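Colleague: Need a 3D model of the following:
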Amino acid sequence: MTASTLLAQLLATRLCHDLAGPVGAVAAGVELVGDDPSLVDQETLSLIAASSAAASRKLKLLRTAFGTTAQSSPAALIELEGAARGYFEAIAGPSGAVGLGWPDTAQLIALQERCGPAAVPILLNTILVAAEAAPRARRFTISILADNTGHAEIGVAAEQAAGATRADIIEAVANPDTVLASARNAQALYWAALCRDNGARAAIESGENGLMAVARFQSP
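Modeller: Okay, here's the model as predicted:
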């Protein structure tokens with residue numbers, strides 16, 4: 001099995017694992033309803049509604065992050081914010097809301113003009129990696145730099161205590177060619193490869209208040 005095939009297999013395994021929870025909860029709720037919907041209680045209905053919403057919110061972001069359809073129009077770029085907020089709502093669950101600082105549309109347009117169709121997938125995968133690397137973060141701030149000198153950078157800062165970060169994700173990004181690939185670090189390895197294939201360098205930088213996942217594009 002080639003390295004790219006293994007990565008695809010591990011990434012698919014990870015995605016199925018992430019979606020299995022909410023989809024399974026929907027199935028369990030439907031099973032509780034049984035053959036007589038008139039007997040269903042409010043708790044069961046709430047379980048089905050919450051789980052189906054979580055699955056839908058995750059899929060809305062994931063299909064763009066891993067899909068091949070370019071988000072090129074300003075309207076489509078505006079919709080990315082809703083997809084990102086929905087994703088964080090889905091992964092936060094009952095633990096509470098996660099704050100999100102989002103760049104303005106002009107910055108997104110400038111990034112796409114500089115980096116082409118890969119800009120949006122790299123942006124969304126940077127968000128996914130930051131969320132994995134800082135699983136207890138309560139706020140994420142996305143920053144974009146794209147100037148007329150050819151420099152471009154995507155940063156996703158996660159506000160979290162340094163000791164609560166995932167060392168395996170940071171290691172996978174730092175050493176993608178030597179780390180042992182697994183379903184747990186497949187997202188990080190995919191992000192590093194996606195950046196590399198599109199002329200960018202992936203890095204996770206630690207700080208006093210958390211970490212930042214960064215994709216830096218080289219000048220053309």
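
Colleague: what's the single longest helix in the protein?
Modeller: Determined from DSSP state H, the single longest helix within the chain is helix 3-33.

Colleague: Tell me what angle the helix or strand that it is followed by forms with helix 3-33.
Modeller: Once the chain leaves helix 3-33, the next helix or strand it forms, by DSSP states H and E, is helix 42-65. With axes from the mean of the first three to the mean of the last three CA atoms, to 10 degrees as the criterion, the two stretches helix 42-65 and helix 3-33 enclose an angle of 160 degrees.

Colleague: quick one, helices of the chain?
Modeller: Per DSSP H, the chain carries helices over the ranges 3-33, 42-65, 74-92, 105-115, 119-133, 167-174, 186-197.

Colleague: so how far is the first residue of stretch 144-153 from its last?
Modeller: Across stretch 144-153, the straight-line distance between its terminal residues is 6 Å, by CA to CA, to the nearest Å.

Colleague: Okay, buried residues for it please.
Modeller: Applying a neighbour-count criterion of 16 or more other CB atoms under 10 Å, one finds 144-146, 152-153 buried in stretch 144-153. Yep, even glycine has a C-beta here, placed from its N, CA and C like the rest.

Colleague: Stretch 189-207 too?
Modeller: Buried, per 16+ other CB under 10 Å, within stretch 189-207: 189-195, 198, 200, 202-204.

Colleague: Just give the nearest non-adjacent residue to the residue most central in space within the chain, would you?
Modeller: Nearest residue to the geometric centre of the chain (CA atoms, centre = their mean): residue 128, 2.2 Å. Spatial nearest neighbour of residue 128, excluding adjacent residues (CB to CB, 6 or more residues apart in numbering): residue 187 at 5.7 Å.

Colleague: close enough to count as contact, the one you found and residue 17?
Modeller: No. Distance between residue 187 and residue 17: 11.1 Å, which falls outside the contact criterion (CB atoms under 8 Å).

Colleague: Brilliant, that's me finished.
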